[in-house]
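Asker: Next one to model:
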Amino acid sequence: MTLLTIEVQGQTIELDAGDYLIGRSPQCRICVSDPCISRQHALVVVGGSDGPLIEDLGSRNGLVVNGTRVQTHVLKAGDAVQLGKESLRVVRCHAGMPESLEKPMPSETATDRRHAEETVPTRLDELELEGALRSAALDAQAIAVLTRDTARYCAIPGILSRFQAKVHKVMVLLESGEQPAPPAELVENCMRACIKVAHHKNEAQWLGLAGEILSRNRELVSTSLINLLADVAASVGGLKSVHVASYLANLNRGTPYFSPGDRYRLMRLKRLLDWLESAQTGSSSADASLR
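Answerer: Here you go, the predicted structure:
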């Protein structure tokens, strides 16, 4: 689903939810041939609940929107963005997320839903799912199904207690450092399912479980998961600043290089950490938007 339409160098580009590097490097998803543009000039993030965001990545000539130099800017239809000698024009944009068929989930993008539909081809009935969660193995498909259809399955007695046992098993494996480690996609799906259960049942303990997994993780999670975590933390509670701080420490110890897209996600995590610390101390800045 197209959430943002832009024009650059005479070309119309339609963007769905995701992160888009703009620069003259051929590796950029939006490559602009202009010597005045940095190799990785700016990042466009499509899919946030406030609308598409553009951020300067420390470029040589900066980012100018509607005549004003900016570091970050929420894009609107009609905006003119100056990149070196080239300009980018916003033709059309959607301010929010596409509507979900189940209880609306903050920050759950069209790309998330399409990815789930492509990678989880079958829908398990209650007995099949409970059986898969009861088994000793970590069943990636069962957890992915639960992640996709959380509203349906979290109302069924027995499902969540079985899933909670799997969550604790994932945490033990992550903390022990045993090899092979649980696949990154399975770990992220466990966190996403916990966050969605917290949202649907309005129970903070589930967001606390997501935080416990996060604090043991050593892989950088997706932008959509970070946004989802922030939105549900603001509405339900249960996420502790120590969880996010431990996760950031894990990432800084284990990753020698971060791409511009990675740095944006780290910035979002640090903003979430600042908000949690302010909320725990009762600071008035905790009322500020996590965006």
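Asker: hey, let's count contacts and neighbours off CA atoms from now on
Answerer: Will do.
Asker: where does the chain have its least confident helix or strand?
Answerer: Sorting the helices and strands of the chain by mean pLDDT, DSSP states H and E puts helix 110-119 at the bottom, at a mean of 45.
Asker: count of residues packed around Arg253?
Answerer: Using other Cα atoms under 10 Å, the number of residues around Arg253 comes to 10.
Asker: Now do the SS call for it.
Answerer: The three-state assignment at Arg253 reads helix, by DSSP: H, G, I helix; E, B strand; the rest coil.
Asker: what's the distance between Val197 and Leu174?
Answerer: With distances taken as Cα to Cα, to the nearest Å, Val197 is found 22 Å from Leu174.
Asker: nope, Ser161 is what I was after
Answerer: Distance from Ser161 to Leu174, by Cα to Cα: 20 Å.
Asker: So for these two, which sits in the more crowded spot?
Answerer: Here Ser161 and Leu174 are compared on neighbour count by other Cα under 10 Å; more neighbours surround Leu174, at 20 against 14.
Asker: How about the more buried one: what's its closest non-neighbour residue?
Answerer: Leaving aside its sequence neighbours, Leu174 sits nearest to Arg216 (Cα to Cα, 6 or more residues apart in numbering; 5.8 Å).
Asker: Tell me who's in contact with that neighbour.
Answerer: With contact set as Cα atoms under 8 Å, 6 or more residues apart in numbering, Arg216 has these partners: 171, 174-175, 246-247, 250.
Asker: Just the buried ones among those residues, please.
Answerer: The neighbour-count criterion (16 or more other Cα atoms under 10 Å) marks 171, 174, 246-247, 250 among these as buried.
Asker: so how many other residues sit close to Ser259?
Answerer: Neighbour tally, Ser259, other Cα under 10 Å: 9.
Asker: for this structure, which helix is longest?
Answerer: Looking across the chain with DSSP state H, the single longest helix is helix 260-281.
Asker: mind checking how far that one is from the chain centre?
Answerer: Offset of helix 260-281 from its chain centre (Cα atoms, centre = their mean, to the nearest Å): 12 Å.
Asker: now swap in stretch 167-183 and tell me
Answerer: 22 Å.
Asker: and that stretch, average pLDDT?
Answerer: The average pLDDT within stretch 167-183 is 84.
Asker: Check which helix or strand the residue lying closest to His199 once chain neighbours are set aside maps to.
Answerer: Spatial nearest neighbour of His199, excluding adjacent residues (Cα to Cα, 6+ apart): Val232 at 6.3 Å. For Val232, the host element (DSSP states H and E) is helix 223-235.
Asker: got the angle for that helix vs helix 260-281?
Answerer: 10 degrees (axes from the mean of the first three to the mean of the last three Cα atoms, to 10 degrees).
Asker: in helix 223-235, what's buried?
Answerer: 223-234.
Asker: can you check stretch 261-275 too?
Answerer: Using 16+ other Cα under 10 Å as the test for burial, stretch 261-275 gives 261-262, 264-266, 268-269, 271-275.
Asker: can you put the residues you listed in CSV and add pLDDT?
Answerer: Listed next are those as CSV, based on pLDDT from 0 to 100:
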residue, pLDDT
Gly261, 72
Asp262, 81
Tyr264, 79
Arg265, 83
Leu266, 88
Arg268, 86
Leu269, 92
Arg271, 88
Leu272, 92
Leu273, 93
Asp274, 92
Trp275, 91
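Asker: Turn these into a markdown table, columns for distance to Gly78.
Answerer: Listed next are the buried residues of stretch 261-275 as a markdown table, based on distance: Cα to Cα, whole Å:
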| residue | distance to Gly78 |
| --- | --- |
| Gly261 | 25 |
| Asp262 | 29 |
| Tyr264 | 25 |
| Arg265 | 27 |
| Leu266 | 30 |
| Arg268 | 27 |
| Leu269 | 30 |
| Arg271 | 29 |
| Leu272 | 31 |
| Leu273 | 34 |
| Asp274 | 33 |
| Trp275 | 32 |
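Asker: Let me know the closest of those to Pro35.
Answerer: Gly261 (21.9 Å; Cα to Cα).
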